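Trainee: compute the structure for the input listed below.
(chains A, B, C, D, E and F)
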6 protein chains.
Amino acid sequence: MAKTALIVSAHSADFVWRCGGAIAAHAAKGYEVTVVCLSYGERGESAKLWKQAGMTLDKVKAGRRVEAENAAKALDVHDIQFFDLGDYPLEMTREAKDRLVDVMRAVQPAFIMTHSKYDPYNTDHMYVSQWTLECRAIGQAWGHNPGQKILGAPQVYLFEPHQTEQMDWKPDVFLDITDVWDKKWAAIQAMEGQEHLWHYYKNVAENRANHFTRNSGGQSGGRPAKYAEGFQSIYPRTVDEL
Amino acid sequence: MAKTALIVSAHSADFVWRCGGAIAAHAAKGYEVTVVCLSYGERGESAKLWKQAGMTLDKVKAGRRVEAENAAKALDVHDIQFFDLGDYPLEMTREAKDRLVDVMRAVQPAFIMTHSKYDPYNTDHMYVSQWTLECRAIGQAWGHNPGQKILGAPQVYLFEPHQTEQMDWKPDVFLDITDVWDKKWAAIQAMEGQEHLWHYYKNVAENRANHFTRNSGGQSGGRPAKYAEGFQSIYPRTVDEL
Amino acid sequence: MAKTALIVSAHSADFVWRCGGAIAAHAAKGYEVTVVCLSYGERGESAKLWKQAGMTLDKVKAGRRVEAENAAKALDVHDIQFFDLGDYPLEMTREAKDRLVDVMRAVQPAFIMTHSKYDPYNTDHMYVSQWTLECRAIGQAWGHNPGQKILGAPQVYLFEPHQTEQMDWKPDVFLDITDVWDKKWAAIQAMEGQEHLWHYYKNVAENRANHFTRNSGGQSGGRPAKYAEGFQSIYPRTVDEL
Amino acid sequence: MAKTALIVSAHSADFVWRCGGAIAAHAAKGYEVTVVCLSYGERGESAKLWKQAGMTLDKVKAGRRVEAENAAKALDVHDIQFFDLGDYPLEMTREAKDRLVDVMRAVQPAFIMTHSKYDPYNTDHMYVSQWTLECRAIGQAWGHNPGQKILGAPQVYLFEPHQTEQMDWKPDVFLDITDVWDKKWAAIQAMEGQEHLWHYYKNVAENRANHFTRNSGGQSGGRPAKYAEGFQSIYPRTVDEL
Amino acid sequence: MAKTALIVSAHSADFVWRCGGAIAAHAAKGYEVTVVCLSYGERGESAKLWKQAGMTLDKVKAGRRVEAENAAKALDVHDIQFFDLGDYPLEMTREAKDRLVDVMRAVQPAFIMTHSKYDPYNTDHMYVSQWTLECRAIGQAWGHNPGQKILGAPQVYLFEPHQTEQMDWKPDVFLDITDVWDKKWAAIQAMEGQEHLWHYYKNVAENRANHFTRNSGGQSGGRPAKYAEGFQSIYPRTVDEL
Amino acid sequence: MAKTALIVSAHSADFVWRCGGAIAAHAAKGYEVTVVCLSYGERGESAKLWKQAGMTLDKVKAGRRVEAENAAKALDVHDIQFFDLGDYPLEMTREAKDRLVDVMRAVQPAFIMTHSKYDPYNTDHMYVSQWTLECRAIGQAWGHNPGQKILGAPQVYLFEPHQTEQMDWKPDVFLDITDVWDKKWAAIQAMEGQEHLWHYYKNVAENRANHFTRNSGGQSGGRPAKYAEGFQSIYPRTVDEL
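Mentor: Coordinates of the predicted model:
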């Protein structure tokens, strides 16, 4: 049976910058990765489009969706779903929570990825982080839609926010994405409306690779990586060997 | 080449309660585990002995050493070294630091274990935690005893303190020690002077096993463990797959 | 006039594991203890029941209620109320808040107990913790139902969550429950659907007793306790003698 | 063009105690300061009024409004708006959020002030703090009411809560309000229903002035201030000279 | 047998501002309170004296000693000891630690008071806080000066630092010192060299009394206090009734 | 009189990566910037040199000194002093502290810069951070070398460590260094032994510029910067206008 992973992205571009490498790397290892975009980021993360004359909400959403689909393709995403909940503020109804739980149970992910716990710049992000934990708990409830296969206890990784230190985000694992960098770079370039961030996230990937190397041995045998991503785990790991 | 691990224990019994299972489990996997006891805990952790008539510091140290050696044997420790630095307070001279660095470089451990960062009940513990990080940094310095093989970047795990919540200690990994529990239990019983703690640490191992099970899937397929130990990592991990 | 206390329990079993001893101990001192179960934990904490054929939500709720009533009886609870708000997710409407405020004002508790502030495993718990503080503030408002006796400033104790370190929970007071352990043990055994937790919480009570002893004097005259519970206070205490 | 500032006050008196000096000081420098009172504090912060016979909610609100308007006058507030959302609990609908965003965009403040992030005594305060960040994010969204002038990135200052240490509030800037103390004192005295707090907040202002002096040079040339206020910044500053 | 308490004060005036009320209040209840001044604060806290012509270190120390003795008298201190270790920096040798341990064991205090854990303005304070915990641990060691009566497990209270929020200090207990305020005020006035702080600490005492009242019931039956002091506990309490 | 600043650098290259831009930018504004290198980083930060045949400690120190002097020149440093205290571990004697205090008093800096409070990779860094606060306190003591001009209350900025999130470092101010980037880049290139870090710190400067822009207005009028540095303040600021 295929291994699977689930990404919960507040806005349609978040999965690209923050865990595009993890998606492609796991796809390359045979994982089927599902991405849920709760909104298109149509109001709050589409400044470039809104500066064009005659822009409408529907046009922005359509444009953002195409970009996200193109990025997903570049990253070998297995399935991308758009919940279209609106953004700024993103409001998650009980119905939307149930829908996300359905996805969690259908996917049965080995791990889930979502936003940081705190974000004073972007409250959508921090709410989504909390709702993801809430939906994970609902997914584990035997009494929720009895008969459905319930959710296990997948790790939840918080992916890298913008301005990490302001978000109290501290990575505890670095993933080597060197081999799939070309895919992440292609996905980044699919985000045509946010070209000002392309170079920024290339720098991030390079510097996280430096951290990868440092933590894997530094100048005394550290394994080099050229591109990496960092993640913060919510739950303890369970192992047989440290 | 054998895999290795290094335990830095402030007092001679700490390695038994706090990571005896990890020692035995890794020994069973072929690791050569070295334990450094910086002191015998002769002043501060030998109340039962001191209540005996005619007790002297030397007698206490000798008794504590025998107990520690017996425990080490039970756990299949590869090498146990006693630095005899005194305790309450444990004072680490530059010479003692250099000696610990020598051990680190000789052992080249895959990981190091030591005490929690904070301990208002036992300041020896928290100082040792900091000195271990300091010695690890010295061990990585190319200019320290040039010619010696320098230290890589081994993970440092903080093992479980007494009264975890008071020490700001938060485990991020649980290790299944079910298969080696008999060894840990034998080592615990070798600590004859601290019989009041035997049952306490059995309870800890059982309850950490509950946490192991919860975090590995809970009621939805979690892998059962009967005994476990928890650890807090200092550094991020570097991986190819999450 | 009788002294009183109020327990706000997200699911119908929480009050047993987490503060059953405190309930029985205070009942023995003449306190009238009221327990509010906001839900039955019917969806999320009744796995064993749901694994039975032909189970329905109503049957689970009825079964859970009986268990909770039996436990309450064993603990000499003065009054137990079931709000039946549903669980996973537990949603607290304005009406439910007003109802809880009514209880607070009617009981006029010397102290309130509820869940930890943070719980990534069980978001119901952390929401209930916050709602309890919110209802306490409403209860203190002179303009809420003018004419009712308003609430004073009762301490709020956060009782022990599962996996304490993951919840950022730090106890600042330990309560000796040795004399009422038999009652707590009977109440625990009333939780027939969660037999896997009986032994776990016995271990907790024993180890908290070790902490009680340590903090009351340790090996130098500490008062022994065989069973104890720990709590975290939200507010400062006000005293005439330290 | 006039410089502007915006104060978001949960209850109608908060702006007086917590940032009355900042308002008057900036007004004196030519700022147009707008105050939004989300509620009158009619239920939860008007105990003195409710103790009078025949009191009604409308009378309390009318009385609180007059007091707030008088205080605003004393402080040279440019505009004061009452959203009348109710208090204890203060509930912020989507409509109310949109209204606050409208104010933010209309005012285009150089900085915003609001409550501390945490307040276990007064949950209205902590919710308002979070909603203010949320509204700021909405105000920055190009797709929210396209055509409106969008909000920049004004600093958000958290003003001083009651019992600062319990709220995890840590000031990082002290403002000298000596020159406008008379205005703040007049505004404080306009709060006739809360006379028990007058002296308290005079003490606060004096002691914050001591902190101002200490941090500006102490006994080695510190600039003396007689009255000051402290604030905690949410966002980093951007400067050309430190 | 008399109850006892021990205050560990980095500089000779600290015990006056920070816990003078606690000293006098407990003396009034029959406690014998011992104060250890590790230094006179002769270099770092005697600016006013140093501004006088012809001042010498010995003169400052003599002057500071007289002030401290006068204050101690005013507070009914049982015993005041001056370790004369020097200040700015205060350096605590092993010999000085042993001396402090001797005092701890001789006094057998019901509680110890000392400085906050962190103080970036005054590193002497934070070091003394840590050394006090270290000496408490040594005092508990059965092997330290065998034959001496060993120390139990007295609570350590951190008294109020200057600029509390900057020191990460959070009080969890308020003590009513109204009845002994006259004594504290007299002791404060004995500190002739630091007259600029008299009014400051009067304000502190008044405002802490407001907190006392709030936490003991607020506007709904809170017990009024006119003067109070706040303290942060290091260890959990052990109780039979909450 | 010239404005001045003081940088306290554990190893001789730290000032280049971490605050080279701040140095050059303030030099350009007329500040005289003094740099104190407590060690050359000869043992722990000179791996490349040690890999050369025939290397000796003296040669490494000489080489590191030349690099640091060249970098200082490129940055328009006013004065650079080498304390040559040794590194890994860097040990700061009382004599060295007094020497640093002398520099502080001679320079009378408007601000001081040094390392982050915590650094588990490099304990030298965290010790230096604490010693800098300690020396600042000594420098303020009227009784230390009476007659010398005592130190005021300069801000202490913690400059950017490597792997910021692991060091609990959170910047609260960003400085635009675009105009002096050429100087910082030249200084970076003077660090010939650490070429692997050149690109890394260029990325850092670019991404901090993104943060500068975001925090100064973002997509709604933020002031663009091409290169920036971030700093964390220890003390509150004191201002007349926010």
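Trainee: A:M55 touches D:P146, doesn't it?
Mentor: Yes. Using CB atoms under 8 Å, A:M55 makes contact with D:P146 at a distance of 7.0 Å. Using the backbone N, CA and C atoms, a C-beta is placed for each residue, glycine as well.
Trainee: quick one: list the elements packing against the helix-or-strand element of chain A with minimal mean pLDDT.
Mentor: Across the helices and strands of chain A, mean confidence by mean pLDDT, DSSP states H and E is lowest for helix A:47-50: a mean of 93. Helix A:47-50 sits against helix A:57-74, with contacts defined as 3 or more CB pairs under 8 Å, 6 or more residues apart in numbering or on different chains; DSSP states H and E.
Trainee: hmm, the helix it packs on touching chain F?
Mentor: No. Judged by CB under 8 Å from any CB of the partner chain, helix A:57-74 makes no contact with chain F; its nearest approach is 14.6 Å.
Trainee: tell me how far A:A225 lies from chain E.
Mentor: 37 Å (CB to the nearest CB, to the nearest Å).
Trainee: could you do A:I188 as well?
Mentor: 41 Å.
Trainee: so what's that residue closest to, chain neighbours aside?
Mentor: Excluding its sequence neighbours, the residue lying closest to A:I188 (CB to CB, 6 or more residues apart in numbering or on different chains) is A:W198, at 5.3 Å.
Trainee: which residues touch the least confident helix or strand of chain A?
Mentor: Residues from elsewhere that reach helix A:47-50 (CB atoms under 8 Å, 6 or more residues apart in numbering or on different chains): A:M55, A:K59, A:V60, A:G63, A:R64, A:G193, A:Q194, A:E195, D:W142, D:G143, D:P146, F:Q219.
Trainee: surely the fourth one and A:G193 touch.
Mentor: The reference is to A:G63. Yes. At 7.1 Å, A:G63 counts as touching A:G193 under the criterion of CB under 8 Å.
Trainee: overlap of the contact sets of the two?
Mentor: Joint contacts of A:G63 and A:G193 (CB under 8 Å, 6+ apart) are A:S46, A:L49.
Trainee: what sits against the closest residue to chain C within chain A?
Mentor: Per CB to the nearest CB, A:G143 is where chain A lies closest to chain C, at 3.1 Å. Going by CB under 8 Å, 6+ apart, A:G143 touches C:E42, C:R43, C:G44, C:S46, C:W50, C:L57, C:V60, C:Y88.
Trainee: columns neighbour count on top of those residues, output as CSV?
Mentor: Shown next, in CSV, are these (neighbours: other CB atoms under 10 Å in any protein chain shown):
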residue, neighbour count
C:E42, 28
C:R43, 26
C:G44, 24
C:S46, 28
C:W50, 22
C:L57, 15
C:V60, 24
C:Y88, 26
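Trainee: which of the residues you listed sits closest to B:V101?
Mentor: C:G44 (51.3 Å; CB to CB).
Trainee: buried ones in stretch A:149-163?
Mentor: Across stretch A:149-163, burial judged by 16 or more other CB atoms under 10 Å in any protein chain shown covers A:150-163.
Trainee: nearest residue to the residue of chain A closest to chain C in space, please, no chain neighbours.
Mentor: Leaving out its chain neighbours, the residue that sits closest to A:G143 by CB to CB, 6+ apart is C:R43, at 3.1 Å.
Trainee: same deal with A:Y127?
Mentor: A:L90 (6.5 Å).
Trainee: going along the chain, name the helices of chain A.
Mentor: Using DSSP state H, the helices found in chain A span residues A:14-28, A:47-50, A:57-74, A:94-107, A:123-139, A:181-190, A:198-215.
Trainee: now chain A against chain D: closest residue?
Mentor: In chain A, the residue that lies nearest chain D is A:R43 (3.2 Å; CB to the nearest CB).
Trainee: you'd agree that residue is up against A:Y88?
Mentor: Yes. Applying CB under 8 Å, one finds A:R43 in contact with A:Y88, separated by 4.6 Å.
Trainee: overlap in contacts, those two.
Mentor: Common neighbours of A:R43 and A:Y88 are listed as D:I138, D:A141, D:G143, D:H144 (criterion: CB under 8 Å, 6+ apart).
Trainee: give me every residue that touches the last one.
Mentor: The contact partners of D:H144, by CB under 8 Å, 6+ apart, come to A:R43, A:G44, A:Y88, D:V101, D:I138, D:I150.
Trainee: mind running it again at 10 Å?
Mentor: When contacts are counted by CB atoms under 10 Å, 6 or more residues apart in numbering or on different chains, D:H144 is found next to A:43-44, A:50, A:87-89, D:98, D:101-102, D:105, D:137-138, D:150-151.
Trainee: likewise the first one?
Mentor: For D:I138, the contact set (CB under 10 Å, 6+ apart) comprises A:43-44, A:87-89, A:123-124, D:94, D:97-98, D:100-101, D:104-105, D:144-145, D:150-151.
Trainee: what residues does chain A have near chain D?
Mentor: Residues of chain A lying close to chain D (CB under 10 Å from any CB of the partner chain) are A:40-51, A:55-57, A:60-61, A:86-89, A:91, A:118-127, A:163, A:165-166.
Trainee: again, 7 Å this time
Mentor: Residues of chain A that fall close to chain D, judged by CB under 7 Å from any CB of the partner chain: A:42-44, A:46-47, A:50, A:55, A:57, A:60, A:88-89, A:120-123.
Trainee: pLDDT value on A:G193, please?
Mentor: Per-residue confidence (pLDDT) for A:G193: 81.
Trainee: check the one 4 residues further on too.
Mentor: Looking at A:L197, its pLDDT is 93.
Trainee: which residue, other than its chain neighbours, is closest to it?
Mentor: Using CB to CB, 6+ apart and skipping the chain neighbours, the partner closest in space to A:L197 is A:W17 (6.5 Å).
Trainee: looks like that neighbour contacts A:N203 (just checking).
Mentor: No. Using CB atoms under 7 Å, A:W17 is not in contact with A:N203; the gap is 11.7 Å.
Trainee: leaving out sequence neighbours, find the closest residue to the residue sitting nearest the centre point of chain A.
Mentor: Residue closest to the average C-alpha location in chain A (CA atoms, centre = their mean): A:F15, at 3.7 Å. Leaving aside its sequence neighbours, A:F15 sits nearest to A:S9 (CB to CB, 6+ apart; 4.2 Å).
Trainee: what do you get for A:R99?
Mentor: That would be A:F83: by CB to CB, 6+ apart, it lies 6.6 Å from A:R99.
Trainee: list the residues that contact the one you found.
Mentor: A:V36, A:C37, A:L38, A:A96, A:R99 (CB atoms under 7 Å, 6 or more residues apart in numbering or on different chains).
Trainee: gap between the first one and A:I80?
Mentor: Looking back up the chat, that one is A:V36. The spacing between A:V36 and A:I80, counted by CB to CB, to the nearest Å, is 8 Å.
Trainee: the more surrounded of the two?
Mentor: Just comparing A:V36 and A:I80: by other CB atoms under 10 Å in any protein chain shown the higher neighbour count belongs to A:V36, 24 against 21.
Trainee: for the residue in chain A positioned nearest to chain E, which residues are in contact?
Mentor: With distances taken as CB to the nearest CB, chain A approaches chain E most closely at A:D168, which sits 15.8 Å away. Counting by CB under 7 Å, 6+ apart, A:D168 makes contact with A:K117, A:Y118.
Trainee: need phi/psi at it.
Mentor: Main-chain torsions, A:D168, degrees, to the nearest 10: phi 50, psi 40.
Trainee: who in chain A is up against chain F?
Mentor: Within chain A, the positions adjacent to chain F are A:47, A:163-166, A:169-171, A:200, A:203-204, A:206-207, A:210-211, A:219 by CB under 7 Å from any CB.
Trainee: which one (most neighbours) among those?
Mentor: A:P171 (25 neighbours).
Trainee: need the per-residue pLDDT for the closest residue to that residue other than its chain neighbours.
Mentor: Distances taken as CB to CB, 6+ apart put A:G230 closest to A:P171, at 3.2 Å, once the chain neighbours are dropped. Per-residue confidence at A:G230 stands at 98 (pLDDT).
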